[in-house]
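Asks: predicted model and sequence follow; I will ask about them next.
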Amino acid sequence: MNIAVIGNGSIGMRHANNLLHMKHSVSIIDSDSSIIASGILSRKLNGCDAAVICVPTNQHLSVLRKCLDKGLPTYIEKPLGNHAQVGQWRKLSQEKHLPLIMVGYQLRFHHNIQHVVTTYGKNSILGGALRCLCDMSTWQGQSGKGNFLLEMSHEIDLAMYLGAGAVTSSVSDMKDRYAMITFEGGWSVELHGSSKQYNRSWILNSADGDVEFQHDDPESLGNDMYKDSMRHFLSAVKSKRRIAQGCTLSQAIDVLDVIRKVSDQ
């Protein structure tokens, strides 16, 4: 396939390199706003079979529109956009004849998570506590300092993917980048964006007992989940089947809605 990777930052180049190793053709398109605003982007999408959007968060919606105009199946890096855009994203998702859209919540494809899902099945996971600590004081992302929940939303998506229901309560401190969110179904997500250490710990309650995973090293998360996520997307593109394992547009909008509720409390 010929894949357009829109955005040449670190995540864009990660996806581009992975796609090249998978023997696909890759067209890397700069995320410069003048390219996106002009007709240049649309012309560069000609002849592509799918697109991967890795531009800054505030450009996701406008770039996706260009891809939709071409009818391209599209993979969008998380987060979709600002939590204030929930209504705009929801309206877009209700349009008819949308092509395949998948959102890059790659923790769904982490080998430990897949082991649990394969071994127990999601129906036998009774709840869990997901925790993420990192230091965002020097974060240069488009949404990180303004709303750390957007950049740390992997665990929110993961809880919802594994069975968490609606939000039942939340405590947050946007200035100190901290949040504790509890969901129906025995789930909680705790996020520390001002931690001086990196740690991800996930405790899942299954019918056969608790299962705990801990990651003290960012590199321990590895590149495999990125590759597996992209393979899943491209397999769905090729077979024209739904993305059973990946994050759909509507599911990613639900994550934004959770962030909106926590942020607006």
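Replies: Done, it's in. Just so we're clear, the structure is a prediction, and the values are computed from it rather than from any experiment. Numbering: from 1, shown residues only.
Asks: from here on, just use CA atoms for contacts and neighbour counts.
Replies: Fine.
Asks: where does the prediction get shaky in the stretch 51-200 of the chain?
Replies: For the stretch 51-200 of the chain, the stretches flagged by pLDDT under 70 are 140-146.
Asks: please enumerate the strands of it.
Replies: Using DSSP state E, counting those that start in this stretch, the strands of the stretch 51-200 of the chain run over 74-77, 101-104, 125-135, 167-173, 178-183, 187-192, 194-206.
Asks: what's the most buried one of those strands?
Replies: Mean neighbours per residue, mean count of other CA atoms under 10 Å, is largest over these for strand 101-104, with a mean of 25.
Asks: for residue 229, see how far away the residue nearest the centre of the chain is.
Replies: For the chain, the residue nearest the mean C-alpha position is residue 105 (2.8 Å; CA atoms, centre = their mean). Distance, residue 105 to residue 229, by CA to CA, to the nearest Å: 8 Å.
Asks: shared neighbours of the two, which are they?
Replies: Common contacts of residue 105 and residue 229, defined by CA atoms under 8 Å, 6 or more residues apart in numbering, comprise residue 246.
Asks: distance to residue 36 added to the strands of the stretch 51-200 of the chain, as JSON lines?
Replies: Below are the strands of the stretch 51-200 of the chain laid out as JSON lines (distance: least, CA to CA, whole Å):
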{"stretch": "strand 74-77", "distance to residue 36": "15"}
{"stretch": "strand 101-104", "distance to residue 36": "19"}
{"stretch": "strand 125-135", "distance to residue 36": "31"}
{"stretch": "strand 167-173", "distance to residue 36": "35"}
{"stretch": "strand 178-183", "distance to residue 36": "34"}
{"stretch": "strand 187-192", "distance to residue 36": "33"}
{"stretch": "strand 194-206", "distance to residue 36": "34"}
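Asks: of all those, which one is nearest residue 12?
Replies: strand 74-77 (9.0 Å; CA to CA).
Asks: can you name every helix or strand that the closest one contacts?
Replies: Counting contacts by 3 or more CA pairs under 8 Å, 6 or more residues apart in numbering; DSSP states H and E, strand 74-77 is packed against strand 50-53, helix 60-69, strand 101-104.
Asks: including distance to residue 76, could those go into a markdown table?
Replies: Below are the helices and strands packed on strand 74-77 laid out as a markdown table (distance: least, CA to CA, whole Å):
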| stretch | distance to residue 76 |
| --- | --- |
| strand 50-53 | 5 |
| helix 60-69 | 8 |
| strand 101-104 | 5 |
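Asks: among these, which is nearest residue 95?
Replies: Comparing the helices and strands packed on strand 74-77 by CA to CA, helix 60-69 comes nearest, at 10.8 Å.
Asks: my read is that residue 252 contacts residue 158, right?
Replies: No: between residue 252 and residue 158 there is no contact under CA atoms under 8 Å: 10.8 Å.
Asks: before I go, just wanted to say thanks for your time.
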